Structures are given as structure tokens and as C-alpha cells.
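Asker: My questions are about this predicted structure, shown below with the sequence.
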Amino acid sequence: MEKKGGKPIDYEKIAKMESFRQLSRKKNAFLWTMTVIFFVLYMLLPVLTSYTKILHQKAIGEITWVWFYSFGLFIMVWGLAHFYVGRANKFDKEAKEIIEEYERGAGQ
């Protein structure tokens, strides 16, 4: 247990608080959703290129759709990372509010 302001923090009590449980559920739902989206879109590339002809069709001149899809994956990774950072900041604020709620006696 760490001390904050001279008072030890009981993390087990915080884990039992409803506000912490809600934050955990929101965070887990967000992380699993992001993981599934990333994994599905990322794994579609080898599946679509190996087992179908969809991405092998020419898009512009000799450039096929594989190149556009692959470039889109780079954009997706950057976009998901940016989105994650924004959501992580919100989760951090909520976690800080939960600690403050605990310090006011809600977790006692």
C-alpha cells in the first residue's frame, strides 16, 4: 500500500468500488473492440490476397487494390493509436476521480 497524503491507499477497497468496476468494464470493452477491429482488418489482407482475386484487380494503371489496402492498414494503425491515446487520457481522468472518491471516504 502506498501512502498518499499520509494515508495508506487500500487498493482492494478501490477494486470493490462500483465506480472502479464500471471503469474496468468500459476500458475492457474498449480494448477488446479495438483489438478485434485491428486483428480482423489486418488478417483480411493475407486472406484476401491468398484466397481471392478481389485485391489483385487493377485500380489505377498497373497499381492493384492490394497496394491501397496495405496503405490503408498504415492509416488504420495510426488512426487507432491516436484514438486509443485520446480514450486512455479519459480513462486516466476517471481513474484519478475514483482515487479522489476513495480519499473522500467512498471506499470505506
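Answerer: Thanks, I have it.
Asker: Just give the number of residues close to residue 95.
Answerer: 16 (other C-beta atoms under 10 Å). To be clear about C-beta, it is placed using only N, CA and C from the backbone, and glycine gets the same treatment.
Asker: In a strand, residue 59, correct?
Answerer: Yes. Assigned with DSSP: H, G, I helix; E, B strand; the rest coil, residue 59 falls within a strand.
Asker: Tell me which other helices or strands the host helix or strand of residue 48 touches.
Answerer: Residue 48 is located in helix 18-51, with elements delineated by DSSP states H and E. With contacts taken as 3 or more C-beta pairs under 8 Å, 6 or more residues apart in numbering; DSSP states H and E, helix 18-51 sits against helix 65-103.
Asker: hang on, the earlier thing: do me a favour and average the pLDDT over the helix holding residue 48.
Answerer: The average pLDDT for helix 18-51 rounds to 95.
Asker: what's the angle between that helix and helix 65-103?
Answerer: Calculated by axes from the mean of the first three to the mean of the last three C-alpha atoms, to 10 degrees, helix 18-51 forms an angle of 170 degrees with helix 65-103.
Asker: Quick one: residues contacting the closest residue to residue 26 other than its chain neighbours.
Answerer: Nearest-residue entry for residue 26: residue 91, 7.6 Å, with adjacent residues in sequence omitted and distances by C-beta to C-beta, 6 or more residues apart in numbering. Contact analysis of residue 91 by C-beta atoms under 8 Å, 6 or more residues apart in numbering lists 23, 26, 27.
Asker: Appreciated, that's everything.
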